[in-house]
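Asks: Using only what follows, build the 3D model:
(one chain, ligands or ions: 1)
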Amino acid sequence: MDEENRHAETFSERDEEEDPGSPVKARCWEQREAEPGEPRCVICGRYGQYICDETDDDVCSLECKNSVLQKHQSECKKPGPIVHAIKVPVEDECTYVRDGQSSLPWWEPEEIIKTMNNDQVESLRREIEVHVEGEDIPPPILDFANCKFDPKLNENLEVAGYDIPTPVQMQTLPAALKGRNILVSADTGSGKTASFLIPIVTRCVMIRIHKLSEQTKPLAIVLAPTRELCAQIEEQAKALGKGLPFKTALIVGGDAMPRQIYRIKQGIELIIATPGRLVDLLSKIDFDLGDVCMLVLDEVDCMLQQGFREQVMQIIQALSQPQIMMFSATIPRDIEKLSSTILKNPLLISAGKPSIPNAAVKQTVIWVETKNKKQKLFDILSSNHHFQPPAVVFVNSRIGADLLSDAIKHTTGLKVASIHGEKTMLERRQILKSFLTGELLVVVATGVLGRGVDLLKVSQVIVFDMPNSLQEYIHQVGRASRLGTPGSAIVFINNEDKAIFKDFIALLKAAKAPIPRELASSPYSHSSYALVYKQQNQRKRKHRPRG
Ligand code: AMP
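Replies: Sure, this is the predicted structure:
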């Protein structure tokens, strides 16, 4: 997001002041206590500033890292391997797709999938509402077991509660595992993140086990627009790669750069980064990205817009023809066109109805003049009937977020906080944590929370300021539901949002959501629609019984 970008520099400057390239802490007592929401050392509980490369545990210092390793070694002497070897064909039976310098392992699904005929494949796609375009498209899978994953990855999927793949995963996993370049559009909360992380974990582990790359070279990069989203992706990546030779580095503004450099130099498989910070880092340190064979652009519509596009292209140019996977809930035509100039022989996958908000979210649009918006919000938040905490209130500016948060606190007495790009990473983490644990009932947020961040418990979103683009709106509304759980969105609109009236009405119509009278009859709305609305009303009046 632009916001993220603009402030990455400010944050990195602040980091250097706080942590002027300090060397890795040697002793446990040199480390500070952990703040709520920060990682804790698995040995002493202090701030887990580093990650032990061999075990992936959070540690505070070299001293505690040694303790972790000693513990780990004594556990390793017990029977039972920590890392399960992936069963891939022996080297000479295995085909590798050579694309420049990186070699990608060959993958085939279970026999049962390969034997499906065209009709079966088509009917399966219809059933799961997945549409595909492109050449030589692999059939969807039905079950994770069809993918012949490493047993440890299967175990991690089970622990995460992923019993069966979601529709987007059914089609995307085989395509991604085949090494295809893909452009995927799917509803928010439909399981997109795992669609790219599972193939990344699988491929990285294969490469490491078969020693197809030097240990210190990263193999995959995921780019996402906000720090929160990156942190969330990393968390999921760690959960999926647990116990496997798979480590991650989070490269975002707001976290000290020396720590990030140290982490990458130790040898990791996956970099999860905001583009600005990664470009910044690459300009300071000479990293060998020659073995990066997978690149993901999450929220691609945002990543290819002005502001991010130059940085993303710089990163693509630093790589040697990786497999590129692009994802978003909303992919406008111009972005689709642009992406096709980047992707060679791409496969287009769309699942669900991504051009309208998540169908599980009930949208209630209310016409409210700007001067009345605050009072309307207080009324909603004070009503047992209308307020469904925990809720996110979306606004357009940082200052607006702070002011509105204070006003809500004073007027309603509710526990509320604001979250935006000017808050430090630590503050943002703490707020998110208190929100997710139920300590805070309302969060007033700018676009930082709009995209991808998985607000598992949120069932209500209030769009206080209509964002400038409908894509952003779809993402914000999508926060109210994950994987089809019902949610609600209350949306304030007035003439200040007239630029989007026409498209907004079309969107509400497609979602079968009621359209407020003022919006439908506004001269800024589609004129023919206003006419239809008038006719509908006349018909209704005719049929209404007269008293
Ligand atoms: P995403 O669309 O990636 O933000 O995912 C939305 C939520 O679905 C996250 O909480 C994921 O952990 C969860 N999820 C992803 N895939 C699956 C699956 N196959 N089964 C159950 N939950 C899933």
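
Asks: Can you point out the buried residues in the helix or strand that contains Leu403?
Replies: Assessed by DSSP states H and E, Leu403 sits inside helix 398-412. For helix 398-412, the neighbour count (16 or more other C-beta atoms under 10 Å) marks 398, 400-402, 404-405, 408, 412 as buried. From N, CA and C alone the C-beta is placed, and that goes for glycine too.

Asks: Over to stretch 51-69?
Replies: 51-53, 55-65, 67-69.

Asks: how long is that stretch end to end?
Replies: End-to-end span of stretch 51-69 (C-alpha to C-alpha, to the nearest Å): 12 Å.

Asks: How about the residues of the chain by the ligand?
Replies: Residues of the chain lying close to the ligand (C-beta under 6 Å from any ligand atom) are 161-162, 165-166, 169, 189-194, 454, 456, 482-483.

Asks: rerun at 8 Å
Replies: 144, 157, 160-166, 168-169, 186-195, 232, 236, 452, 454, 456, 482-483 (C-beta under 8 Å from any ligand atom).

Asks: Show only the entries of those found in strands.
Replies: Among the residues of the chain next to the ligand, the residues falling in strands (DSSP state E) are Ala186.

Asks: Narrow the residues of the chain next to the ligand to those that are buried.
Replies: Buried among the residues of the chain next to the ligand (16+ other C-beta under 10 Å): 144, 157, 162, 165-166, 168-169, 186-195, 232, 236, 452, 454, 482.

Asks: Which ones among those lie within helices?
Replies: Cross-referencing these against helices under DSSP state H gives 157, 168-169, 192-195, 232, 236.

Asks: quick check, nearest of these to Ile335?
Replies: Nearest to Ile335 among those: Lys192, at 15.8 Å, using C-beta to C-beta.

Asks: Over to the nearest residue to that closest one once chain neighbours are set aside: give its phi and psi.
Replies: Spatial nearest neighbour of Lys192, excluding adjacent residues (C-beta to C-beta, 6 or more residues apart in numbering): Phe327 at 5.0 Å. With angles defined as degrees, to the nearest 10, Phe327 sits at phi -140, psi 140.

Asks: picking that back up, of all the buried residues of helix 398-412, which comes closest to the ligand?
Replies: Comparing these against the ligand with C-beta to the nearest ligand atom places Ala401 closest, at 22.9 Å.

Asks: shouldn't the closest one be in contact with Val444?
Replies: Yes. If you go by C-beta atoms under 8 Å, Ala401 and Val444 touch, sitting 4.7 Å apart.

Asks: returning to that earlier point: what's the separation between the residue nearest to Lys192 and Ala194?
Replies: Using C-beta to C-beta, to the nearest Å, Phe327 is found at 11 Å from Ala194.

Asks: Likewise for Thr115?
Replies: From Thr115 over to Ala194 (counting by C-beta to C-beta), the distance is 26 Å.

Asks: Can you pull out the low-pLDDT segments for the stretch 51-200 of the chain?
Replies: The stretch 51-200 of the chain contains residues with pLDDT under 70 at 73-106.

Asks: how about a cut-off of 80?
Replies: For the stretch 51-200 of the chain, the stretches with pLDDT under 80 are 51-57, 70-106, 127, 187-188.

Asks: where do the strands sit along it?
Replies: 58-59, 96-99, 102-105, 130-133, 182-186 (DSSP state E, counting those that start in this stretch).

Asks: The longest one pairs with which strands, parallel or anti?
Replies: Using DSSP bridges, the strands paired with strand 182-186 in its sheet are strand 323-328 (parallel), strand 347-351 (parallel).

Asks: circling back: taking the buried residues of stretch 51-69 one by one, which sit in helices?
Replies: Going by DSSP H, the helices hold 62-65, 67-69 from these.

Asks: Can you tell me which of those is nearest the ligand?
Replies: The closest of those, once distances to the ligand are taken by C-beta to the nearest ligand atom, is Val68, at 27.2 Å.

Asks: Show me the domain layout of the protein.
Replies: What automatic domain parsing lists as the domains of the chain is 3-77, 170-351, 361-532.

Asks: and among these, the most buried is which?
Replies: When these are scored by mean count of other C-beta atoms under 10 Å, the highest mean neighbour count falls to domain 170-351 (a mean of 21).

Asks: What ranges does the stretch 251-400 of the chain have for its helices?
Replies: 257-265, 275-284, 300-303, 309-318, 333-342, 373-381, 398-412 (DSSP state H, counting those that start in this stretch).

Asks: And the fifth one, how far out from the chain middle?
Replies: Right, helix 333-342. 20 Å (C-alpha atoms, centre = their mean, to the nearest Å).

Asks: Check the first one too.
Replies: Averaged C-alpha coordinates place helix 257-265 at 23 Å from its chain's average position (C-alpha atoms, centre = their mean).

Asks: what pLDDT, on average, does it get?
Replies: Helix 257-265 carries an average pLDDT of 86.

Asks: Determine the set of other helices and strands touching that helix.
Replies: helix 2-18, strand 50-51, strand 248-251, helix 275-284 (3 or more C-beta pairs under 8 Å, 6 or more residues apart in numbering; DSSP states H and E).

Asks: between the last one and helix 257-265, how many degrees?
Replies: In this structure, helix 275-284 runs at an angle of 80 degrees to helix 257-265, with axes from the mean of the first three to the mean of the last three C-alpha atoms, to 10 degrees as the basis.

Asks: Send me helix 275-284 as PDB with only the CA atoms.
Replies: The C-alpha coordinates for helix 275-284 follow below in PDB (Å, rounded to 0.1, in the frame of the first residue of the first chain):
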ATOM      1  CA  PRO A 275       8.500  -4.300  -1.800                       C
ATOM      2  CA  GLY A 276       9.900  -1.000  -0.400                       C
ATOM      3  CA  ARG A 277      11.900  -2.600   2.400                       C
ATOM      4  CA  LEU A 278      13.200  -5.400   0.200                       C
ATOM      5  CA  VAL A 279      14.500  -3.000  -2.400                       C
ATOM      6  CA  ASP A 280      16.000  -0.900   0.300                       C
ATOM      7  CA  LEU A 281      17.700  -3.900   1.700                       C
ATOM      8  CA  LEU A 282      18.900  -5.100  -1.700                       C
ATOM      9  CA  SER A 283      20.500  -1.700  -2.300                       C
ATOM     10  CA  LYS A 284      22.500  -1.900   0.900                       C
END
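
Asks: now what about stretch 115-124, what contacts it?
Replies: 139-140, 142, 170 (C-beta atoms under 8 Å, 6 or more residues apart in numbering).

Asks: How about Glu518: what's its closest non-neighbour residue?
Replies: Nearest to Glu518 is Trp367, by C-beta to C-beta, 6+ apart, at 4.1 Å.

Asks: re the thing from before, of the buried residues of helix 398-412, just say which sits nearest to Ala351.
Replies: Once C-beta to C-beta is applied, the member of those that ends up nearest Ala351 is Ala401, at 32.5 Å.

Asks: Tell me who's in contact with Val130.
Replies: So Val130 contacts 140, 167-168, 170-171, 349-351 (C-beta under 8 Å, 6+ apart).

Asks: still on that earlier bit, got the strands paired with strand 182-186 as JSON lines, with distance to Asp291 and mean pLDDT columns?
Replies: What follows is the strands paired with strand 182-186, written out as JSON lines (distance: least, C-beta to C-beta, whole Å; pLDDT from 0 to 100):
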{"stretch": "strand 323-328", "distance to Asp291": "13", "mean pLDDT": "93"}
{"stretch": "strand 347-351", "distance to Asp291": "24", "mean pLDDT": "91"}
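
Asks: export those strands to a markdown table and tack on distance to Ala360?
Replies: A markdown table is the format used below for the strands paired with strand 182-186 (distance: least, C-beta to C-beta, whole Å):
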| stretch | distance to Ala360 |
| --- | --- |
| strand 323-328 | 19 |
| strand 347-351 | 14 |
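
Asks: nearest to Glu110, of those?
Replies: strand 347-351 (20.4 Å).

Asks: Identify all contacting residues around the closest one.
Replies: With C-beta under 8 Å, 6+ apart, strand 347-351 has contacts from 128-135, 137, 167-168, 171-172, 175, 180-187, 190, 336.
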